[in-house]
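Participant: Could you look at this predicted model? Sequence included:
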Amino acid sequence: MSIARDAPGGAAEDAAHRVITGLGRDARARILSALARRFGDLDLAEDMMQEALLQALQVWPQAGIPDSPEAWLMTTARHRGIDALRRRSVLRQKLPRLRVEQERALVPQALDDPAAVVGDEHDLIHDDRLGLFFACAHPLLSPEDRIALTLRFLGGLSTTEVAHALLRPVPTMQQRIVRAKRRIRTLGIAFGVPRRDDLPERLAGVQRVIYLLYAEGFTRSEGTTHTREDLTAEAVRLARVLRELMPGSAETAGLLGLLLLTQARRPARTDDDGRPVPLAEQDRTRWDRQLIDEGITLTESAVAAPGAGPYAIQAAIAAVHAEAAGWDTTDWAQIAVLYQLLQTHDDGPVVRLAGAVAHGRAHGMDAGLRRLDALAAEPALDRFRPFHIARALTLQELGEPHDAAAAYRRALELPGNEAEGEYLAAALAGLEDQRD
Amino acid sequence: MKYALLLMGRTDDAGCGDHGGADPEEFFAFDKEITEAGVVVTSFALEDPEHGVRVSSDDDGARVVTSGPFAEVQEFVGGTYIIEVADIDEALSWARRSPGSAPGGHVEVRPVAPY
């Protein structure tokens, strides 16, 4: 341990404060993951982390800042937790599961020098964090609970921040998180990595949470602005964490590749007034080359690996766009084929919509319109703004301004963010001017 | 953690195996498997629901005893396992393997409250 005993009191306190506030969300999430797995209880884990932080503020100014503040906090919180359980009547029940007595006996002097006994702890951190990912994305929780918990405990956001992120009132989000935590505890959802048999299904659930998080940030479902940079950035960060934790998973690589390639277009996706710019009109010189290169490398490894699925295919589609110099020189035939392949995994309406658009670009707008109109009977699409936008654009290109205007009007009746609404209103006004 | 596996049957197929679904041999085989796995705390099977007796209250709050058959009963507990396993996923994997969740019935998994 490096100990600054000679530092004056005030300076030492400031130093302790600085270290603690500088810990960062990732470090806090790592500590929390380890504690959650240890105690199988998120509430206890959070409380104990708080206590350890308080204790650090008292101890570090006197004793000096440990070499590894994270390890010190982890060990201190763990011992606090064991003591807390000891005081509770539930201890007897939990002891066999935790094997805490054994651990306690192994490190009797731990509180004197916690950093010295956590050597093996670091090896566990990876698994702990992955385990928390799986617990927060457990299929027995509702999709919205999964996203909330993932943001709260893996993203390290406060409940208030989660509420803002998911556009929910703070008290609602507090209740939701409390209920979800209770459900995890009551049902006995494990904080460990699932058994091999359950892994593929459960991993898909974890990937889905990150994907949904990104999707909400990419095009807001309500509100005034078109995108939410904080949510997309957080989703990319979590996808990176997951990729580090599961380097062998083709779909995890595909997901990260997809998010990076999409994120690369960020600077060109909205104009100076925050209104969306369609892919066709985006200034591709503003796309982030570094993210594209990283995304393409990931995508290439993902599509070549066994287990490649929907995320890898979507990443491949994004890669074709990224490699094209412009909208007109895009390899639409390849994209149409990739959408066909994607449909074998996910035959949902949105995939079919995108497939129809690509088909039109590859084989003529007439063919595209036929595919789109064949989808019009799908109720989910009839209520889906992008479907009517796609029809409007196709009709416009086919020289049918009257029908295109009707499609824009229908799109404007449907829910969506205001920035997109303004864009659609402007497109509609342009068409109406043409007719006059 | 302890979980109760409630093996649920339906009134229209009270005698297991009579109308398709799992037959008693499958239940015996499952019982052997789960018992040998060492996770069973206790277990029991119940006689058919028409042998049930119900104690309830009438409108004045007085206790009333009624005997089956209870025509309105659609689903009934046919038997129960209390198992001690690490987590819900392990409990669910036993519930999946149970003939009780074969077509014709279902298994309800409930955490046993710790008090």
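Facilitator: Sure thing, it's come through.
Participant: residues from chain B in reach of chain A?
Facilitator: B:1, B:3, B:86-89, B:91, B:93, B:111, B:114 (C-beta under 8 Å from any C-beta of the partner chain). (Glycine included, C-beta is placed from N, CA and C.)
Participant: now these: which count as buried?
Facilitator: Those of the residues of chain B next to chain A that meet the buried threshold are B:1, B:3, B:87-89, B:91, by 16 or more other C-beta atoms under 10 Å in any protein chain shown.
Participant: residues contacting the closest residue to A:Ala305 other than its chain neighbours?
Facilitator: Nearest residue to A:Ala305, sequence neighbours excluded (C-beta to C-beta, 6 or more residues apart in numbering or on different chains): A:Ala250, at 3.7 Å. The contact partners of A:Ala250, by C-beta atoms under 8 Å, 6 or more residues apart in numbering or on different chains, come to A:301-303, A:305-309, A:312.
Participant: Pass me the low-pLDDT residue ranges in the chain, would you?
Facilitator: If you meant another chain, say so; for now it's chain A. A:1-9, A:89-127, A:219-227, A:434-436 (pLDDT under 70).
Participant: wrong one, I was asking about chain B
Facilitator: Ranges of chain B meeting pLDDT under 70: B:11-21, B:69, B:73.
Participant: where along it do the helices fall?
Facilitator: Here chain B has its helices, by DSSP state H, at B:24-36, B:88-97.
Participant: and B:Ser67, how many residues sit next to it?
Facilitator: 10 (other C-beta atoms under 10 Å in any protein chain shown).
Participant: typed the wrong thing, it's A:Thr297
Facilitator: 14.
Participant: Check the one 10 residues further on too.
Facilitator: Using other C-beta under 10 Å, the number of residues around A:Gly307 comes to 15.
Participant: A:Val351 too?
Facilitator: A:Val351 has 18 nearby residues by other C-beta under 10 Å.
Participant: next one: phi and psi at the residue sitting furthest away from the middle of chain B?
Facilitator: Here chain B reaches farthest from its C-alpha mean at B:Asp60, the gap being 32.3 Å by C-alpha atoms, centre = their mean. Main-chain dihedrals, B:Asp60, degrees, to the nearest 10: phi -90, psi 0.
Participant: Against chain A, how distant is it?
Facilitator: Distance, B:Asp60 to chain A, using C-beta to the nearest C-beta, to the nearest Å: 37 Å.
Participant: Check the contacts of A:Ala250 and tell me the two furthest apart.
Facilitator: Spatial extent of these (C-beta to C-beta) is set by the pair A:Ser301 and A:Gly309 at 14.2 Å.
Participant: more neighbours, those two?
Facilitator: A:Gly309 (19 against 15).
Participant: okay, now the nearest residue to that one once chain neighbours are set aside: neighbour count?
Facilitator: Leaving aside its sequence neighbours, A:Gly309 sits nearest to A:Glu251 (C-beta to C-beta, 6+ apart; 5.1 Å). Counted with other C-beta under 10 Å, the neighbours of A:Glu251 add up to 23.
Participant: Check whether A:Glu251 really touches A:Ala308, as I assumed.
Facilitator: Yes - between A:Glu251 and A:Ala308 a contact is recorded at 7.1 Å, counting by C-beta atoms under 8 Å.
Participant: any common contacting residues for those two?
Facilitator: A:Ala302.
Participant: Tell me if I am right that the residue nearest to A:Gly309 is in a helix.
Facilitator: Yes - assessed by DSSP: H, G, I helix; E, B strand; the rest coil, A:Glu251 belongs to a helix.
Participant: ok, it to chain B distance?
Facilitator: 21 Å.
Participant: In contact with that residue, which residues?
Facilitator: A:Glu251 sits in contact with A:203-204, A:207, A:302, A:307-312, where contact means C-beta under 8 Å, 6+ apart.
Participant: Swap in 7 Å and give it another go.
Facilitator: By C-beta atoms under 7 Å, 6 or more residues apart in numbering or on different chains, the contact set of A:Glu251 is A:207, A:307, A:309, A:311-312.
Participant: hmm, stretch A:194-202 touching chain B?
Facilitator: Yes - applying C-beta under 7 Å from any C-beta of the partner chain, one finds stretch A:194-202 touching chain B at A:194-195, A:198.
Participant: Report the buried members of these.
Facilitator: Buried among those (16+ other C-beta under 10 Å): A:194, A:198.
Participant: and of the residues of stretch A:194-202 next to chain B, the nearest to B:Val40?
Facilitator: A:Arg195 (19.9 Å).
Participant: dump the residue contacts of the closest one.
Facilitator: So A:Arg195 contacts B:Asp89 (C-beta under 7 Å, 6+ apart).
Participant: for the host helix or strand of A:Ala356, the distance to its chain's centre please.
Facilitator: Using DSSP states H and E, A:Ala356 maps to helix A:349-363. Its chain's C-alpha centre and that of helix A:349-363 lie 26 Å apart, by C-alpha atoms, centre = their mean, to the nearest Å.
Participant: do the same with stretch A:263-277
Facilitator: 20 Å.
Participant: Just after the helix or strand where A:Pro267 lies, pick out the following helix or strand.
Facilitator: For A:Pro267, the host element (DSSP H and E) is helix A:266-269. Counting by DSSP H and E, the element after helix A:266-269 in chain order, helix or strand, is helix A:289-304.
Participant: A:Leu157: how many residues sit nearby?
Facilitator: Counted with other C-beta under 10 Å, A:Leu157 comes out at 20.
Participant: wait, isn't it in contact with A:Thr150?
Facilitator: No - taking contacts as C-beta atoms under 7 Å, A:Leu157 lies outside contact range of A:Thr150: 9.6 Å.
Participant: In the record's domain split, what are the boundaries for chain A?
Facilitator: Following the TED database, one gets these domains for chain A: A:8-88, A:215-330.
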